[in-house]
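# What shape does this take:
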Amino acid sequence: MDDLDKAILINFDESGTIDDSLKKQAKTFCEQIKAKPSICSMCIEKLCFSNLIQVQFWCLQTLHEAIVSRYSSMNPQEKQLIRHSVFSIVCLEGVGANNSATRVLEGPPFVKNKLAQVLVTLIYFEYPLIWSSVFVDFFPHLNKGKMVIDMFCRVLNALDDELISLDYPRTPEDISVATRVKDAMREQCVGQIVRAWYEIVSMYRNVDEEVCVGVLESMRRFISWIDIGLVVNDAFGALLFDLVLAAGVGDRLRSAAIKCLTAVVSKRIEPRSKLALLQSLQISRLFRLVVDDANAELVSDIAVLLTGYATELLDCFKRIDSEGRGISMELLDEVLPSVFHLMKDSELDATFNVVQFLSSYVATMKSITPLGEKQLLHVGKILELISVLIRYDPEYRSNIDMLDKIGKEEEDRMVDFRKDLFVLLRSVGRVAPGVTHLFIRNLLANVISTSSNSSNVEEVEAALSLLYALGESLTDEAIRDGQGLLSEVVPMLLSTKFSCHPNRLVALMYLETVTRYVKFIQDNTQYIPMVLAAFLDDRGIHHPNINVSRRASYLFLRFVKLLRVKLVPFIETILQSLQDAVAQFTSMNYTTELSRSEDGSHIFEAIGLLIGMEDVPPEKQCDYLSSLLIPLCQQVEVLLVNDKTNVEANVKVAAIQHIIMAINSLSKGFNERLATSSRPTIGLMFKQTLDVLLQVLVVFPKVGSLRSKVISFIHRMVDTLGSSVFPYLPKALGQLLAESEPKEMVGFLLLLNQLMCKFNTSVHDILEESFPAVAGRVLSVIAGDALLLGPGAVTAITEEVRELQELQQTFLSFLHVVATHNLSSVFLSPQSREYLDQIMQLLLYSSCNHKDILVRKACVQIFIRLIKDWCGQPYEEKVPGFRNFMIQTFAINCCLYSVLDRSFEFHDANTHILFGEIVLAQKVMFDKFGNEFLVHFVSKGFSSAHCPPHLAEQYGQKLQEADIKELKSFYKSLIENLRIQQNGSLVFR
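I've put the predicted structure just below:
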């Protein structure tokens, strides 16, 4: 063992016992040896004499690197030495005194693969121009036995991996060399290679299975680019089928033969030739394996073969003439039963490809009218397959029911997995609606007949899921009319209670499916009691699983919204069934935690929608409402009396919150006309409720969650009570303002917006009283530079800054509503005037710089409205200084400088609308301020922008004479001209 051997061994050592510095020295030494000019001859010499596997591998690796990196600079003698030595080893010929070939070929696979890689690298550079006989020279040596045959296969495999296969990224140069090699091989030796494969497999099939498997693996790789006639013929074709079908053949060899047939089936050739090829295979010989063969290892290979065969037939059907289409469909009809059997009974890794194939097949059936008996049978099999594939694995049943981490992951996986299958189902439903409806009806009937068996959870859930998915492809009209078998299926569904109904998945899918088909009940009201039972008994709202109960409440609300009027006769029944759910809020035990099953909103909204109809007799309506509102209000009053309850504050807050949400939801069923005109008693009850809930703000003035709930209820009362809510507003607004932090003003501002939009000037006095406090608080926190929303805006948006920006935007919206609802005089009250300058500056900055174009538009609209309100007559000025501010500040900064900025993009739709408002503002200013505006705008604004005099003169003419559309067009071209002249040299700010 010399120093190089030792260094190589150290390099390859993975025991961890060798010092790092020594390993580094060994690596350096090896690299120095590699750099020697004689390295190739040294490596060949080592291969001749060394028995060390690590040394053999290092020598081969170094040879490979040398050929790749410096082949062009090698002299002919060195190339000949490498060529002769490597080929001699591959073909089991001695290179030196000792027989090194045997030594290497008896080594481990990674050494032999590296040897094959070296030979393929030589082929890359030398075949066919320099070394034209490399493949032909192989054939005489194949009779030396399995070692040479094995190397022959490894060389062919390496040729595929390193050069030919397009499964790996290739450079244009690599592709060019691959083409050269393949063309030469086709012309010179492919036929001899195939003949050698045939002879080897025939000779060794009963002697050495491993040799045959290796040969067939190589052959599979080459089928895609060699003449298919060399493989598909009486000799080789028969041999392949014999290997698959004959008794006593090992599984690995059968699998290799099946994969070769799959390669034959998948070969890309012209459609007519392809169909002839597929027909000649007589693939039906393999169908018996699908049923008879119990060996699971082969099932996947057979499935891939038959699915690929069917896919190619389908492709031929699409691309060929009518005669060929008939043959394609005939062969398809023949193979599909086996394909369905494999798909159904096997766990296939390629299920997604299976779904793709079936989707393509179903799409093809659209062109066949009417469907034949075989096609209808295939449709049934596809439906059967779908019903099997969508089933959950029983192994995860308890995880999914409890919805733990494993269950959640499995449910998410199945939801994603099912998507394509449900798309396929809907496609089948469109192609063969009758067969689809009948299949789902029978499937449902079957699971119902076995509903006493609680172990069929997955089958029940799958049947319900199919019925639900079918509904997605049906029109509302089809569901209402009960088309197909729906008139039979829906009542069957409604009347069923499965023994596995306590299971979360089954219960949820049952409710979703009932809701999907609830439109059927619109014209079949005799089934209303059955639907109500499904929602209200232990299948729905009273289900033991919290998630099911919550979902049932929401779906019941949807049902009530759809059939509201038709449910009037059943109100008593519904209220009785929901009594215990309502009692959670009307008689709470505050020493225990609130029920997590329902926040009350959906149930109370459903009740409100039912009892809030004018179809309900007035006396009953009042009884129903009072039986709910009075206990709820009493609960609030009890909770608000501190000295009479020993309940923790946070529990009180949570309880009151739930009650307010329930009352709020309940009120959604009552409209303004009913509560104020036709049945004022209802309105009185809500006013009394409002009185009680306003006390919440007194007792808990600083609890933000309660404030937002009370504000939400006031919103509802504004809609429900109309103007009769006015007497309560001063107290409500006063309490809301009393303790509110500036950041909590957003909800308050939105409430004021609602009042102004609904009542206009009727709320003038209320607004005038509130405005100074509102303006003072908001302006105190939004006036800082941190909230700039244009150039120079903060880049790091914290949660606090985001909240303040939201407040600023809401305040600007509030100002817009004030101005556009004839309430701008509020700004001028003695108490509000101190904030007028700050408001004007905020509006000015926002109109020029706000990042939201729609906010900028709103600010410009506010100014336009203020001009009209405060400068009604020419030269009239209600607000001292406002006229000058508009002419000297707003006009120049907003109407000129902001649009000259290149960030003002005319091609943006919203910016184009803003530009229209800016032009309108100029028109209005000229109408109200006359030449004073025009002279200042031209002399100060245009001159600073270096506007040519003739354009300034044209602007004056257009402003006085043109309509708004013409003025807008001219002003746009003027701004674009000024931008070109400035060429970005000035920033107008």
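# hmm, who's touching stretch 692-703?
Outside of stretch 692-703, the residues within contact range by C-beta atoms under 8 Å, 6 or more residues apart in numbering are 633, 636-637, 640, 642, 653, 656, 660, 663, 706-707, 710, 713, 728, 731-732, 735-736, 738-739. Any C-beta I mention is one placed from the backbone N, CA and C, and that applies to glycine too.
# Mind doing that once more with 10 Å?
If you take C-beta atoms under 10 Å, 6 or more residues apart in numbering as the criterion, stretch 692-703 is touched by 629, 632-637, 639-642, 649-650, 652-653, 656-657, 659-660, 663-664, 706-707, 709-711, 713-714, 717, 728, 731-732, 734-736, 738-741, 744.
# Return a PyMOL selection command for the buried portion of these.
In PyMOL, this line selects whichever of the contacts of stretch 692-703 come out buried by 16 or more other C-beta atoms under 10 Å:
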select buried, resi 629+632+633+635+636+639+640+652+653+656+657+659+660+663+664+706+707+709+710+711+713+714+717+728+732+735+736+740+744
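# Just the contacts of stretch 692-703: which are in helices?
Counted as lying in helices by DSSP state H, out of the contacts of stretch 692-703, are 629, 632-637, 639-640, 649-650, 652-653, 656-657, 659-660, 663-664, 706-707, 709-711, 713-714, 717, 731-732, 734-736, 738.
# any low-confidence regions in the stretch 701-850 of the chain?
For the stretch 701-850 of the chain, applying pLDDT under 70 flags the ranges 743, 783-797.
# Helices of that one, start to end?
Secondary structure of the stretch 701-850 of the chain (DSSP state H, counting those that start in this stretch): helices at 704-721, 729-738, 745-759, 764-782, 799-820, 836-849.
# could those helices be laid out in CSV, adding distance to Val304?
Shown next, in CSV, are these (distance: least, C-beta to C-beta, whole Å):
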stretch, distance to Val304
helix 704-721, 60
helix 729-738, 70
helix 745-759, 61
helix 764-782, 67
helix 799-820, 55
helix 836-849, 64
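# Can you say which of those helices is nearest to Ile320?
helix 799-820 (62.9 Å; C-beta to C-beta).
# And the closest one, what's buried?
For helix 799-820, burial by neighbour count (16+ other C-beta under 10 Å) applies to 804-805, 807-820.
# Can you show me the CA trace of it as CSV?
Output of helix 799-820 as CSV, limited to C-alpha atoms (Å, rounded to 0.1, in the frame of the first residue of the first chain):
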residue,chain,number,x,y,z
GLU,A,799,-50.5,48.3,14.8
GLU,A,800,-50.9,51.7,16.6
VAL,A,801,-50.2,53.7,13.5
ARG,A,802,-52.5,51.5,11.5
GLU,A,803,-55.4,52.2,14.0
LEU,A,804,-54.7,55.9,13.8
GLN,A,805,-54.7,55.8,10.0
GLU,A,806,-58.0,54.0,10.0
LEU,A,807,-59.3,56.7,12.4
GLN,A,808,-58.0,59.5,10.1
GLN,A,809,-59.7,57.9,7.0
THR,A,810,-62.9,57.4,8.9
PHE,A,811,-62.9,61.0,10.1
LEU,A,812,-62.3,62.2,6.5
SER,A,813,-65.3,60.1,5.4
PHE,A,814,-67.3,61.6,8.2
LEU,A,815,-66.5,65.1,7.0
HIS,A,816,-67.5,64.1,3.5
VAL,A,817,-70.9,62.9,4.8
VAL,A,818,-71.4,66.1,6.7
ALA,A,819,-70.6,68.3,3.7
THR,A,820,-72.7,66.3,1.2
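# Pull the distance from the helix or strand hosting Ser943 to the chain's centre.
Assigned by DSSP states H and E, Ser943 belongs to helix 943-944. Distance of helix 943-944 from the chain centroid (C-alpha atoms, centre = their mean, to the nearest Å) equals 54 Å.
# can you check stretch 210-221 too?
Remark: stretch 210-221 is offset 43 Å from the chain centroid, using C-alpha atoms, centre = their mean.
# List the buried residues for that stretch?
Burial within stretch 210-221, assessed by neighbour count using 16+ other C-beta under 10 Å, is assigned to 211-221.
# quick one: which two of the residues you listed are the most distant?
Val211 and Arg221 (16.6 Å).
# what would the buried residues of stretch 210-221 look like in JSON lines with distance to Asp5 and pLDDT?
Converted to JSON lines, those look like this (distance: C-beta to C-beta, whole Å; pLDDT from 0 to 100):
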{"residue": "Val211", "distance to Asp5": "33", "pLDDT": "96"}
{"residue": "Cys212", "distance to Asp5": "38", "pLDDT": "97"}
{"residue": "Val213", "distance to Asp5": "35", "pLDDT": "96"}
{"residue": "Gly214", "distance to Asp5": "32", "pLDDT": "96"}
{"residue": "Val215", "distance to Asp5": "36", "pLDDT": "97"}
{"residue": "Leu216", "distance to Asp5": "39", "pLDDT": "97"}
{"residue": "Glu217", "distance to Asp5": "35", "pLDDT": "97"}
{"residue": "Ser218", "distance to Asp5": "34", "pLDDT": "96"}
{"residue": "Met219", "distance to Asp5": "39", "pLDDT": "97"}
{"residue": "Arg220", "distance to Asp5": "40", "pLDDT": "96"}
{"residue": "Arg221", "distance to Asp5": "36", "pLDDT": "96"}
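# With secondary structure and distance to Pro701 as new columns, can these be given to me in a markdown table?
Output for the buried residues of stretch 210-221, formatted as a markdown table (DSSP: H, G, I helix; E, B strand; the rest coil; distance: C-beta to C-beta, whole Å):
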| residue | secondary structure | distance to Pro701 |
| --- | --- | --- |
| Val211 | helix | 90 |
| Cys212 | helix | 89 |
| Val213 | helix | 84 |
| Gly214 | helix | 86 |
| Val215 | helix | 89 |
| Leu216 | helix | 85 |
| Glu217 | helix | 81 |
| Ser218 | helix | 85 |
| Met219 | helix | 86 |
| Arg220 | helix | 81 |
| Arg221 | helix | 80 |
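# Tell me the one of these nearest Leu536?
Using C-beta to C-beta, those come closest to Leu536 at Arg220, 63.4 Å.
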